[in-house]
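Peer 1: A predicted structure for the sequence below; I have some questions about it.
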There are 8 protein chains.
Amino acid sequence: MRISKGQKLLFIGDSITDCDRAKPEGEGLFGALGTGYVSYVNALLQTVYPELEIRVVNKGISGNTIRDLKARWQEDVMHERPDWVSILIGINDVWRQYDAPFMKEKHVYLDEYEETLRTLVTATKHSVEGIILMSPFYIESNKLDAMRYTMDQYGSVVKKIAQETNSLFVDIQGAFDRLLKFFYPAALAWDRVHPSATGHMVIAQAFLVAINFEWKKNCDNFVY
Amino acid sequence: MRISKGQKLLFIGDSITDCDRAKPEGEGLFGALGTGYVSYVNALLQTVYPELEIRVVNKGISGNTIRDLKARWQEDVMHERPDWVSILIGINDVWRQYDAPFMKEKHVYLDEYEETLRTLVTATKHSVEGIILMSPFYIESNKLDAMRYTMDQYGSVVKKIAQETNSLFVDIQGAFDRLLKFFYPAALAWDRVHPSATGHMVIAQAFLVAINFEWKKNCDNFVY
Amino acid sequence: MRISKGQKLLFIGDSITDCDRAKPEGEGLFGALGTGYVSYVNALLQTVYPELEIRVVNKGISGNTIRDLKARWQEDVMHERPDWVSILIGINDVWRQYDAPFMKEKHVYLDEYEETLRTLVTATKHSVEGIILMSPFYIESNKLDAMRYTMDQYGSVVKKIAQETNSLFVDIQGAFDRLLKFFYPAALAWDRVHPSATGHMVIAQAFLVAINFEWKKNCDNFVY
Amino acid sequence: MRISKGQKLLFIGDSITDCDRAKPEGEGLFGALGTGYVSYVNALLQTVYPELEIRVVNKGISGNTIRDLKARWQEDVMHERPDWVSILIGINDVWRQYDAPFMKEKHVYLDEYEETLRTLVTATKHSVEGIILMSPFYIESNKLDAMRYTMDQYGSVVKKIAQETNSLFVDIQGAFDRLLKFFYPAALAWDRVHPSATGHMVIAQAFLVAINFEWKKNCDNFVY
Amino acid sequence: MRISKGQKLLFIGDSITDCDRAKPEGEGLFGALGTGYVSYVNALLQTVYPELEIRVVNKGISGNTIRDLKARWQEDVMHERPDWVSILIGINDVWRQYDAPFMKEKHVYLDEYEETLRTLVTATKHSVEGIILMSPFYIESNKLDAMRYTMDQYGSVVKKIAQETNSLFVDIQGAFDRLLKFFYPAALAWDRVHPSATGHMVIAQAFLVAINFEWKKNCDNFVY
Amino acid sequence: MRISKGQKLLFIGDSITDCDRAKPEGEGLFGALGTGYVSYVNALLQTVYPELEIRVVNKGISGNTIRDLKARWQEDVMHERPDWVSILIGINDVWRQYDAPFMKEKHVYLDEYEETLRTLVTATKHSVEGIILMSPFYIESNKLDAMRYTMDQYGSVVKKIAQETNSLFVDIQGAFDRLLKFFYPAALAWDRVHPSATGHMVIAQAFLVAINFEWKKNCDNFVY
Amino acid sequence: MRISKGQKLLFIGDSITDCDRAKPEGEGLFGALGTGYVSYVNALLQTVYPELEIRVVNKGISGNTIRDLKARWQEDVMHERPDWVSILIGINDVWRQYDAPFMKEKHVYLDEYEETLRTLVTATKHSVEGIILMSPFYIESNKLDAMRYTMDQYGSVVKKIAQETNSLFVDIQGAFDRLLKFFYPAALAWDRVHPSATGHMVIAQAFLVAINFEWKKNCDNFVY
Amino acid sequence: MRISKGQKLLFIGDSITDCDRAKPEGEGLFGALGTGYVSYVNALLQTVYPELEIRVVNKGISGNTIRDLKARWQEDVMHERPDWVSILIGINDVWRQYDAPFMKEKHVYLDEYEETLRTLVTATKHSVEGIILMSPFYIESNKLDAMRYTMDQYGSVVKKIAQETNSLFVDIQGAFDRLLKFFYPAALAWDRVHPSATGHMVIAQAFLVAINFEWKKNCDNFVY
């Protein structure tokens, strides 16, 4: 397991991360982590590694693009002094190009996305133990679909920056592609973006595999 | 994995199972499985075994005792023709003895609990492929605590009936005991009964281990 | 214009037709026709042909399939004694096969769809002046997409029955395909099914063209 | 069609324009244009001219008079840099004289109305490609009715300023007068001011005719 | 004063009478008489004639026509054993002809109105001390307005039946006509039907004058 | 009638005056005058003297004492430039002495009450045509009741200041005393302070008599 | 203490007893006993006599008179098999005579009150260990006040029936009279009927004294 | 009785004290003291000692620790000029260590607790007649339970400071321990912290015994 005892793991992103988390804290009792993949990751970490006392914080905000993350990076990331930062951003950067095509001031094109993400990761990597970069995704199996095609380009940029900066890369799009062989997109996400419980578990599993989480570590006592 | 392709897995129980599931169906889109361990089990089954097309149904109702389950068994279980039935009941049977001590008509004592559960399991086992019996639990580490002590007796009855009837037994109390070495009860459940997301994941994990779920089965594509 | 003075035009269908119409009447003041294409058709008929006094009734109900239409046909159609009946059904018949794949009892397959629709149209055509059959649609431009492919089959059945029964056929899918050359699906419908105002206008226009509505008929007084 | 590819068309006015639009943006997904004539105009433009990519913005605010428009003109019009501006104002300027006769500070009399409207149009016309002036209206067929009589005077001023400034003039009152030959006012507007869906379509049609919108342009594919 | 000590005075009618009265009783504390003219009549009777102990009951129901009154006459009037019955009905009978012109089954034409009202009054008059018939009204000063013209015909029928049956007739339309010399309709009623507080006081005053109410009877103690 | 054509009549006071009036304006359409005696006075003025065009403004605020009136006198009275000011204050000044006996900082004793009221009236009388002072009241018939006894002292002060300053005095307590011969207090006011509709009409009548309102002035047309 | 270990004590009455208790049970967790004197009695019994395990049930219903109690006596009292029954009824029987003087069908006069109460007590006394009769009360210190005077007559009847039937009598009116020497009624009850927390404690204390409750019994451990 | 006529008694603390009190005042009519032990103490003081006119103020705020009390001490205590101050604080100081173990910035450890409490008491004691220190508590009977064990340490500190400063000490934990011999914790408090009505009465009784309250002082008139 890459995360050590007592470390703080901070997630930042858009509505996929947010999921009605407590604001502004992003942690605490009573569903403060929201109802999405962040909550699942925390629940699985505490279930399997209770001895590690890992502190999870959720700083997702619905509708955010990389431009919004930049604006609140100092307060919501640096100020929190996390040991690990996980970033899942880019869906709205792409989506607005397709669902609000005339409102070009809301589009974040690939150049700006790449430059901003690289700047944030580079500026942060020496203050933390590790950064996890998750690919933005679109729950659509047709890779020639225009929005899927664009999203894949954003995902490639994330992967490239991960490699450049020695960050962990988690291929969420790939994880969904595996399920799309069995499920039609509408069974996983009403609008191909906001996942069902299953979709959030797909993200959580991909994340946990990336940090070398061992599911069966604590299971001896379940054998009868 | 004990559950085969295309089978229907039905969960029945009290508020721990219910968790605001859609009523009366107990399945469908948009959170119809509720927000608790049933939803987590389904999400993990679909994430790791999408090819199995397992159908999950949630028939939990808050406040139920074994007496209530008996009353609705025909309609909510037999009528649904499940392949697998998972039962998590007994917490309210015990709890009312402690939080409403004078309302004895609401207490379900051990004899009635054992007899009713045995009757239901025996009457059902030949119509299904398997029955999973989960122990009722109390998130209290002191085994001499009066309510914990009573709950353990109910748990023993469940284990005994599981053995008699060749059902799977899942030791939820044991799973929580493991975490209670690291967490104080209030960190897992406000009232020592209704678990946080972590507590529901503890139940889901214990259930999945019992059915030989393989977490890492599909993880090759996450290695980079 | 195919609809004559004083005639009653009844629309029946699913949520695309319903759009929060007044129930059970389906007509009256204050948005009783709902906020979708039925309201637009009525508004355009009254704007351009006020002298015709056409009475529009909306009998759509969200979530309906052809099976549901059959169950309420006597009360909601025959009992209303319309002169014209417009039917837009089939989306949920197909959708459930894709978003709830395990709940097969909710799927309405092509055979049942065709047989039921043919029965209803045949039984009704001699009691009314005309029947308008609108194709079910899916706002997805990729014709190889599984759900779009299935929807097209249902649309073909509608066209075939229209020809057999001398009903008017309106190709709603075709009307959306025209727009999909310019707009990505997410700009027209959040979930590729429930249209924006533009999408409802697309349906209304296609319907009106089919009944030989003349948009410019009354425009002389607008020339300055 | 007077509006060219990629142009921005901004509507400003009172509650007839507002219709619960998103504030402050006045554009976007999910009904951001409100539920009135602005939404209909946009839907018809996108349905018939999808290739033109016209951007529609709604800056109506309920209760506004020309005095209110003046106060927010810089921020809500000039700052938006529209190509076309459509103005529908004056109803509240007149109405308050009749429904709140003693609150004279809320009345905007003809002189102030004319002077303010002329100032705004003159100051704006060189920054835009065109201005569309719609007459304020009162859905009352009796031209000797006091409020109708006054409203007609305000309408005449609008027409005069349109001619002076080479703006397009749209005679909304005339459009309603045509329908009032067939419908009693109460069938078109509960209070003779706020129109039903039909009434909003009347406004949309009049506007579209004025900009040379061609309804049948795209209808070839509907012929069977 | 025509009403004697201890008598019960029952009002029946449509929304003008109803005004959110308590249902089904129509009397009691805390606004049980609603907020309209019935409440004002009761307040003025108690203020000026407290010694008479007159019991007022409100049985108005919004949207009612004479057809609805007939259907509930036995329960809501005869069963209450009033000494006086005041009837204000007919507005909806006429209004539906104008605001919902195509829904002819909701129109109550003059013949049915006259016959039903005469039947009810004739059947009741020997069981009570007196019947008060108030004319239906339309707050529109133009007597050639179509709906006003029709309403006046219904008012004439009420007056005729009052004379035939020796009932008191109260000319509410006339009372409003007096005010319409000074106020525009919109200042008295948003929709020319549902009056403001002033409009309800106009009705109350007309009613009270008809029963020979003496306003200044108790005023000596106010002279200083 | 003491109030002349076109004059503005402003009411100020506590919850008896307020009655859910529109804030901060205190006038306008749709119940802006609240539901109490101010609304009744306005309705009766408009019903009987429509030609006078009297403008009524309600500036009551629940819970106010004379101390609160002083604090907002400049903004809520002087700034409004009324022709007539009617003041009904003192109930809370007294009530707090009886229902919150230990919170002495909320009590306004007789000296402060008298001095403040005299100051306000004296400072205002030359700016207006007339001031109307209404006695605070307590709907309790037993004059030896402690709170009634105190209230009568405050009423005497009001009467004295009215005489000193040539203001009109309206004896509201006397008006209620007359009714209390026939009604028990609970029939007029739940808490002996906040009146029913009848109680508000008692206040309205007393006020109107004091300004020489002529109820029967316009009644000739009601004689048949 | 008159109540013995394990006995059930049932309270029945009107809104003073009800206080938003859980319906229909009248017992249980989370405020099921309501927020009034029944809850205080139970809290004090459990605080001072925890060893007695007394079961308290609340069957009060707002607005009830003795007539209503009779109608539900079988179901709400006899069916519950209490050991002790406490009755506090009569306030509404009297109040309606004063706040709704014309609705005589809602008045329950002294004869009916006495006869009904005697019948219920007599029919019940042999099935229970004891009956406690509490006097109805009116928080008004003036014994010549009409409603207080009437209430005292009802209280005398309760006392008489208590003596005849060997029931315990609790003089609630007397308990309030003691406080009224120090507090004005408005400080104890907004409407002289529904008490503040203090007023409910007055009732609870009077009840507890009557059953020989010993407040200091358990206080030794509080001495320091 | 330690508290003398006319004195002001101020309670400060966390949610146990708060109980939905009116904010910011903390006193007044209509439940301003909240629904917990403060309200009970006030009700019992007024019931038994009405002649003392003791003024009770509630300044509890949910979630507070001693750190929060320090921050608002000047405004909420000193500024109120109380004669007696009662402090019940420390539960959240301990609880956060157990239910939010990773959020260490929210934990208030024993040193800080002791120092802050001593500072506040020392700084205040010369300005008031007396200070009452209530022990924080945990409704758990197992003294080896980790949170109970910690809470007892905080309670010991409170007792020590009470002795040092000549304050009254009230052993709330001891009072609950007495009841825990008869009731399981869940019957007294859902989460072992927030008490039922019985639990609040336990606190009220312990407080009152400490100030030498005499329950039977006024009971002679209840003997029959």
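Peer 2: Received, thanks.

Peer 1: Mind checking which residue lies nearest the centre of chain A?
Peer 2: A:Leu88 (3.2 Å; C-alpha atoms, centre = their mean).

Peer 1: For that residue, give me phi and psi.
Peer 2: Main-chain torsions, A:Leu88, degrees, to the nearest 10: phi -130, psi 100.

Peer 1: can you tell me how far it sits from A:Ala100?
Peer 2: Remark: distance between A:Leu88 and A:Ala100 (C-beta to C-beta, to the nearest Å) = 21 Å. Just so you know, the C-beta spots here come from the backbone N, C-alpha and C atoms, and that holds for glycine as well.

Peer 1: for A:Gln163, same thing?
Peer 2: Between A:Gln163 and A:Ala100 the computed distance is 32 Å (C-beta to C-beta).

Peer 1: Among these two, which residue is more densely surrounded?
Peer 2: More crowded of A:Gln163 and A:Ala100, by other C-beta atoms under 10 Å in any protein chain shown: A:Ala100, with 19 against 12.

Peer 1: Could I get the pLDDT score of the more buried one?
Peer 2: In the prediction, the pLDDT value recorded for A:Ala100 is 96.

Peer 1: residues contacting it?
Peer 2: Contact partners of A:Ala100, counting by C-beta atoms under 8 Å, 6 or more residues apart in numbering or on different chains, are A:106, C:187, D:28-29.

Peer 1: Mind doing that once more with 10 Å?
Peer 2: The contact partners of A:Ala100, by C-beta atoms under 10 Å, 6 or more residues apart in numbering or on different chains, come to A:106-107, C:186-187, D:27-29, D:32, D:55.

Peer 1: Dump the residues you listed to CSV, plus neighbour count, secondary structure and distance to C:Lys70.
Peer 2: Below are the contacts of A:Ala100 laid out as CSV (neighbours: other C-beta atoms under 10 Å in any protein chain shown; DSSP: H, G, I helix; E, B strand; the rest coil; distance: C-beta to C-beta, whole Å):
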residue, neighbour count, secondary structure, distance to C:Lys70
A:Lys106, 18, helix, 46
A:His107, 17, coil, 47
C:Ala186, 23, helix, 34
C:Ala187, 22, helix, 35
D:Glu27, 21, coil, 43
D:Gly28, 16, coil, 40
D:Leu29, 15, coil, 36
D:Ala32, 19, coil, 39
D:Arg55, 20, strand, 45
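
Peer 1: Helix, strand or coil: sort out the closest residue to chain F within chain A for me.
Peer 2: Nearest residue of chain A to chain F: A:Lys23, at 31.6 Å (C-beta to the nearest C-beta). Look at A:Lys23: counting by DSSP: H, G, I helix; E, B strand; the rest coil, its state is coil.

Peer 1: Report how many residues lie close to it.
Peer 2: Counted by other C-beta under 10 Å, the residues lying close to A:Lys23 total 13.

Peer 1: Now do it against D:Phe183, distance only.
Peer 2: A:Lys23 is 51 Å from D:Phe183, by C-beta to C-beta.

Peer 1: again, but for A:Leu133
Peer 2: 62 Å.

Peer 1: gap between the nearest residue to A:Gly6 once chain neighbours are set aside and chain C?
Peer 2: In this structure, A:Gly6 finds its nearest non-sequential neighbour in A:Glu53, 5.3 Å apart by C-beta to C-beta, 6 or more residues apart in numbering or on different chains. Per C-beta to the nearest C-beta, to the nearest Å, A:Glu53 is found 40 Å from chain C.

Peer 1: Can you give me the pLDDT of A:Glu53?
Peer 2: 96.

Peer 1: So what pairs up with whichever residue of chain A sits closest to chain H in the strands?
Peer 2: At 3.9 Å from chain H, A:Arg55 is the closest residue in chain A, using C-beta to the nearest C-beta. Beta-bridge pairing for A:Arg55 (DSSP bridges): A:Lys8.

Peer 1: Point me to the helix or strand that includes A:Glu115.
Peer 2: helix A:110-124 (DSSP states H and E).

Peer 1: by contact count, what packs against that helix?
Peer 2: Using 3 or more C-beta pairs under 10 Å, 6 or more residues apart in numbering or on different chains; DSSP states H and E, the elements in contact with helix A:110-124 are helix A:66-76, strand A:84-88, helix A:91-99, strand A:130-134, helix A:146-165.

Peer 1: swap the cut-off to 6 Å and go again
Peer 2: Judged by 3 or more C-beta pairs under 6 Å, 6 or more residues apart in numbering or on different chains; DSSP states H and E, the packing partners of helix A:110-124 are helix A:66-76, helix A:146-165.

Peer 1: neighbouring strands for the next helix or strand after the last one, and are they parallel or not?
Peer 2: The one in question is helix A:146-165. With elements assigned by DSSP H and E, the helix or strand that comes after helix A:146-165 is strand A:168-170. In the sheet, strand A:168-170 lines up against strand A:130-134 (parallel) (DSSP bridges).

Peer 1: Show which residues not belonging to the partner strand make contact with it.
Peer 2: Outside strand A:130-134, the residues within contact range by C-beta atoms under 6 Å, 6 or more residues apart in numbering or on different chains are A:84-88, A:121, A:125, A:158, A:162, A:167-170, A:172.

Peer 1: Mind putting the residues you listed into a markdown table with pLDDT?
Peer 2: Listed next are the contacts of strand A:130-134 as a markdown table, based on pLDDT from 0 to 100:
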| residue | pLDDT |
| --- | --- |
| A:Trp84 | 98 |
| A:Val85 | 98 |
| A:Ser86 | 98 |
| A:Ile87 | 98 |
| A:Leu88 | 98 |
| A:Val121 | 98 |
| A:Lys125 | 97 |
| A:Val158 | 98 |
| A:Ala162 | 98 |
| A:Ser167 | 98 |
| A:Leu168 | 97 |
| A:Phe169 | 97 |
| A:Val170 | 97 |
| A:Ile172 | 98 |
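
Peer 1: need the contact list for A:Ser141.
Peer 2: Going by C-beta under 6 Å, 6+ apart, the list of residues near A:Ser141 reads A:Leu180.

Peer 1: give me that answer again for 10 Å
Peer 2: Going by C-beta under 10 Å, 6+ apart, A:Ser141 touches A:148, A:176-177, A:179-181, A:183-185, A:192, C:142, C:145-146.

Peer 1: Make a PyMOL selection of the buried ones in the residues you listed.
Peer 2: Burial among the contacts of A:Ser141 is assessed by 16 or more other C-beta atoms under 10 Å in any protein chain shown; the matching PyMOL selection reads:
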select buried, (chain A and resi 148+176+177+179+180+183+184+185+192) or (chain C and resi 142+145)
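
Peer 1: picking up where we left off before, can you select the buried ones from the contacts of strand A:130-134 in PyMOL?
Peer 2: Buried residues among those (16+ other C-beta under 10 Å), as a PyMOL selection:
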select buried, chain A and resi 84+85+86+87+88+121+158+162+167+168+169+170+172
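
Peer 1: Pull the most distant pair out of the contacts of strand A:130-134.
Peer 2: A:Lys125 and A:Ile172 (20.8 Å; C-beta to C-beta).

Peer 1: Give me the pLDDT for the closest residue to A:Trp84 other than its chain neighbours.
Peer 2: Using C-beta to C-beta, 6+ apart and skipping residues adjacent in sequence, the residue nearest A:Trp84 is A:Leu9, 4.5 Å away. Note on A:Leu9: pLDDT of 98.

Peer 1: buried sites along whatever helix or strand A:Phe207 lives in?
Peer 2: Assessed by DSSP H and E, A:Phe207 sits inside helix A:197-210. Buried residues in helix A:197-210, counting neighbours by 16+ other C-beta under 10 Å, are found at A:197-210.

Peer 1: next one: stretch A:72-91
Peer 2: A:73, A:76-77, A:82-91.

Peer 1: quick one: contacts for the residue of chain A found nearest chain G?
Peer 2: Chain G sits closest to A:Phe30 of chain A, with a gap of 18.0 Å, by C-beta to the nearest C-beta. Residues in contact with A:Phe30 (C-beta under 10 Å, 6+ apart) are A:22, B:190, B:196.

Peer 1: make it 8 Å
Peer 2: By C-beta under 8 Å, 6+ apart, the residues touching A:Phe30 are A:22, B:190.

Peer 1: Which pLDDT value goes with it?
Peer 2: 84.
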